[in-house]
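A.B. asks: just the structure for this:
(chains A and B)
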Amino acid sequence: MTLLELNNISVHYGRIQAIHDMSFTVEEGEIVSLIGANGAGKTTTMKTISGLLNPSAGSIKFMGEDITKMKAHIRVVQGISQAPEGRGIFPAMTVLENLDMGTFGRKDRTGVPEDLERVFTLFPRLKEREKQFGGTMSGGEQQMLAIGRALMSRPKLLLLDEPSMGLAPQFIRQIFKIVTEINGQGTTVLLVEQNANQALARAHRAFVLETGAITHSGTGKELLANPAIKEAYLGVG
Amino acid sequence: MSMTEGPRPLRTSKSEQQTEASEAVGRLPGTSADVPRRGGMGGWSDRWREMPRQKQWLILIPVVILAFFLPLMNIPFITTEPGNDWPLACQAMAIFALVAVGLNIVIGYAGLLDLGYIAFFAVGSYTAAMLTSPDSAFIKIPYLWTIPVAIAVSMFVGVLLGLPTLRLRGDYLAIVTLGFGEIVRILATLIPAMKGQPGFQNVGHPPGTGPDGIPVFANSNGTPWYWLTLGILIVLLFLVGNMERSRVGRAWIAIREDEDAAETMGVPTFKYKVWAFALGAGVGGMAGALMGGQVGFVNNQKFDVVTSILFVAAVVMGGSGNKVGAIVGGALVAYIPLRFTAIAEYKFLIFGIALILIMIYRPQGLIPAKQRLLAYGTKAYAAVRARFSGKGANPSGTGGTGTGGTGKSAPPAPKPNAEGATS
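C.D. replies: Numbering: from 1, shown residues only, chains lettered A, B, ... in the order given. Model (predicted):
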């Protein structure tokens, strides 16, 4: 089943067009990666899907329903949850309070303990640090918190905006491993990355974004093997 | 942090603190350290939070009684006399504290820099004056009724200003509100019904006449006014304290911390910002009505933007986001120029320097904020924590009860911690 569908989306910042006529779909149960260089429009795409930006043209469908005009805070309730770029955790709240914020839009309070356990099991480090303030944690821990917080709304679609940004290599591998684990538990993941190697290796399907438009698409393995992509994004020529 | 906090939702038991401590010893390299958040007075407020409820009351009740007796106690060195009447000085402090508590909702909780808060104060003052002063052409109502009317009118004005402007962020909002602060003052000059500089004399006051035939709430009699204001302030603190721990309070803090993130957590940020604005405006209007009644005279000269900045200074000095801090900040801003009359002329210079020093040495204000944000679901969290703390030091929780128990974990599980909390 098609979970998310973007049809001919264009996004403008004032008069500057950041996304040109973009269309793609995300099927239920997949990990889909969007890779691209700085300024290619990755974060803009994510913000358009989560509802923080409004497209100037085109439509977005989620589970067959048109959500183009839907406010961001309602999309969360519908099942789209975002771990924003730069983590966007609440620094003056403790880890537990941050996770609690993730449940803000939820209607079913009874499932919360279950999801908290799930997050603590995925990220035992968060349990160890539950009383620590978000702002005092290391980058990798903050990233775990951002993902964990996004999971607390029990999303159908998890949007991860550059989860590897600024992290040490062993943390990057760990984060991607956990992404696969989350996906294995039934959450569809749309991932935006500059770290093309890991993003492609973990993805079922992937798209390459260049200056606001999709230039390549295929399965993760296909794109990993594509010489043009190898040269441009994987640093091997 | 708070002097008036309601029932504390959750307290960690000793046993859990011990497991925390034992975990801390065996910390892995490469992980962030537990940074102690603050020293000094922050330690005080932490100790306050750790105190049992009965002990808090034991301290709180004498403090409140002492506060009520304040205008009657002319303590040497502390008193503002002979320069300024002491009960009236107490009333000024109480009014500023009230204003600071209201503005703290806007700045401290929701993080909206409102530089034109004086406008709501003015709206409240004018509402009280125009509905009670013989100089006004409007219908007259008893003074005490003007207080709820002033709250309603200024809340309405707050929403009116908020709807178009709260789509702006940060500096832009500050500039718009700064302009709004001036607009109200200028309107008071231009609109004939608001009477500009001549203003309104003999603004009403609550009923009651003393044995000597002088009204109890005479303009020069600060003590009853102070008691009225203090009573209102205490009620307000209970309301604000409850709001702080509610869903609304959490939403405000989240907006202050990161508005986009709050929105993607499902917080209707715009709605909550308008609410913060409106509630702040209501408190400002109420303070204005009290001030107008006590002074007995309202005209366009009192509501300049500089006073508005003084309000902001009170909140920031006291500790933005902390209502006790706001009270201390507000009271200090009123007290210092009244006590030290020789330097009263330089009050803006002095508060400017004080603000700079506080920003350098104590950026979170005199009494830093720390809200309890887990408004609901605390019992459920306690249950999960309890189960996890048993194997807290074991990071590879996948094989443990964590995943195995998820299916039937929703109802309250064994919770040794929660028992400690409810006592």
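A.B. asks: going by C-alpha atoms from here, please, whenever you check contacts or count neighbours.
C.D. replies: Will do.
A.B. asks: could I get the phi/psi values of residue 190?
C.D. replies: Going with chain A. For A:Leu190, the backbone dihedrals (degrees, to the nearest 10) come out as phi -110, psi 120.
A.B. asks: let me see the contact set for it.
C.D. replies: Taking C-alpha atoms under 8 Å, 6 or more residues apart in numbering or on different chains as the criterion, A:Leu190 is in contact with A:Val26, A:Ile31, A:Val32, A:Ser33, A:Leu34, A:Leu157, A:Leu158, A:Leu159, A:Leu160.
A.B. asks: centre-most residue in the chain?
C.D. replies: Since you didn't name a chain, this refers to chain A. A:Leu160 (1.7 Å; C-alpha atoms, centre = their mean).
A.B. asks: switch to chain B, that's the one I care about
C.D. replies: Closest-to-mean residue, chain B, C-alpha atoms, centre = their mean: B:Val101 / 2.7 Å.
A.B. asks: am I right that that one is in a helix?
C.D. replies: Yes. Counting by DSSP: H, G, I helix; E, B strand; the rest coil, B:Val101 is located in a helix.
A.B. asks: ok, longest helix in chain B?
C.D. replies: Counting residues, the longest helix in chain B under DSSP state H turns out to be helix B:269-295.
A.B. asks: so for whatever helix or strand comes next after that helix, what gets flagged as buried?
C.D. replies: Next in sequence after helix B:269-295, counting helices and strands by DSSP states H and E, comes helix B:305-318. Applying a neighbour-count criterion of 16 or more other C-alpha atoms under 10 Å in any protein chain shown, one finds B:305, B:307-318 buried in helix B:305-318.
A.B. asks: ok, now stretch A:169-177?
C.D. replies: Neighbour-count burial for stretch A:169-177 [16+ other C-alpha under 10 Å]: A:Phe171, A:Ile172, A:Ile175, A:Phe176.
A.B. asks: right, and the first one touches A:Gly140 too?
C.D. replies: Yes. Counting by C-alpha atoms under 8 Å, A:Phe171 does reach A:Gly140; the two are 6.3 Å apart.
A.B. asks: check whether stretch A:75-90 contacts chain B.
C.D. replies: Yes. Using C-alpha under 8 Å from any C-alpha of the partner chain, stretch A:75-90 reaches chain B at A:Arg75, A:Val76, A:Val77, A:Ser81, A:Gln82, A:Pro84, A:Gly88, A:Ile89, A:Phe90.
A.B. asks: for chain B, give me the ranges with low pLDDT.
C.D. replies: B:1-46, B:49, B:370-423 (pLDDT under 70).
A.B. asks: can you give me the strands in chain A?
C.D. replies: Ranges of strands in chain A, per DSSP state E, are A:2-13, A:16-27, A:31-36, A:57-62, A:65-66, A:80-83, A:157-161, A:188-193, A:205-210, A:213-219.
A.B. asks: the residue of the stretch 251-400 of chain B found nearest chain A: how many residues sit nearby?
C.D. replies: Here the residue of the stretch 251-400 of chain B nearest chain A is B:Gly266; by C-alpha to the nearest C-alpha that distance is 3.8 Å. B:Gly266 is flanked by 25 other residues according to other C-alpha atoms under 10 Å in any protein chain shown.
A.B. asks: how about the contacts made by it?
C.D. replies: So B:Gly266 contacts A:Ala72, A:His73, A:Ile74, A:Arg75, A:Val76, A:Val77, A:Gly102, A:Phe104, A:Gly105 (C-alpha under 8 Å, 6+ apart).
A.B. asks: would you turn those into JSON lines with distance to B:Pro207, pLDDT and neighbour count?
C.D. replies: Formatted as JSON lines, these follow (distance: C-alpha to C-alpha, whole Å; pLDDT from 0 to 100; neighbours: other C-alpha atoms under 10 Å in any protein chain shown):
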{"residue": "A:Ala72", "distance to B:Pro207": "52", "pLDDT": "93", "neighbour count": "29"}
{"residue": "A:His73", "distance to B:Pro207": "50", "pLDDT": "93", "neighbour count": "25"}
{"residue": "A:Ile74", "distance to B:Pro207": "51", "pLDDT": "93", "neighbour count": "20"}
{"residue": "A:Arg75", "distance to B:Pro207": "54", "pLDDT": "94", "neighbour count": "22"}
{"residue": "A:Val76", "distance to B:Pro207": "54", "pLDDT": "93", "neighbour count": "29"}
{"residue": "A:Val77", "distance to B:Pro207": "53", "pLDDT": "91", "neighbour count": "20"}
{"residue": "A:Gly102", "distance to B:Pro207": "51", "pLDDT": "90", "neighbour count": "28"}
{"residue": "A:Phe104", "distance to B:Pro207": "47", "pLDDT": "89", "neighbour count": "23"}
{"residue": "A:Gly105", "distance to B:Pro207": "48", "pLDDT": "83", "neighbour count": "21"}
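A.B. asks: just send those residues back as CSV, with distance to B:Leu357 too.
C.D. replies: Below are those laid out as CSV (distance: C-alpha to C-alpha, whole Å):
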residue, distance to B:Leu357
A:Ala72, 41
A:His73, 40
A:Ile74, 44
A:Arg75, 45
A:Val76, 43
A:Val77, 45
A:Gly102, 37
A:Phe104, 38
A:Gly105, 41
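A.B. asks: quick check: A:Ile74 vs B:Asp304, distance?
C.D. replies: Using C-alpha to C-alpha, to the nearest Å, A:Ile74 is found at 41 Å from B:Asp304.
A.B. asks: what do you get for A:Arg173?
C.D. replies: 59 Å.
A.B. asks: can you confirm B:Gln197 is in a helix?
C.D. replies: No. Secondary structure assignment (three-state DSSP) places B:Gln197 in coil, not in a helix.
A.B. asks: doesn't A:Pro84 make contact with the residue nearest to the centre of chain A?
C.D. replies: Yes. Between A:Leu160 and A:Pro84 there is a contact under C-alpha under 8 Å: 6.7 Å.
A.B. asks: check the buried residues of helix B:305-318 one by one and keep those near chain A.
C.D. replies: Of these, not one also sits near chain A (C-alpha under 8 Å from any C-alpha).
A.B. asks: which one of those is nearest A:Ser217?
C.D. replies: A:Ser217 lies nearest to B:Val316 out of those, by C-alpha to C-alpha, at 52.8 Å.
A.B. asks: so that closest one versus B:Leu168, what's the distance?
C.D. replies: If you go by C-alpha to C-alpha, the gap between B:Val316 and B:Leu168 works out to 22 Å.
A.B. asks: and B:Phe348, by the same measure?
C.D. replies: 29 Å.
A.B. asks: likewise for A:Gly212?
C.D. replies: Counting by C-alpha to C-alpha - A:Gly212 and B:Leu168 are separated by 27 Å.
A.B. asks: OK, contacts around whichever residue of chain A sits closest to chain B?
C.D. replies: Proximity of chain A to chain B (C-alpha to the nearest C-alpha) peaks at A:His73, 3.8 Å away. Shown in contact with A:His73 (C-alpha under 8 Å, 6+ apart): A:Gly51, A:Gly105, B:Glu263, B:Thr264, B:Met265, B:Gly266, B:Val267, B:Pro268.
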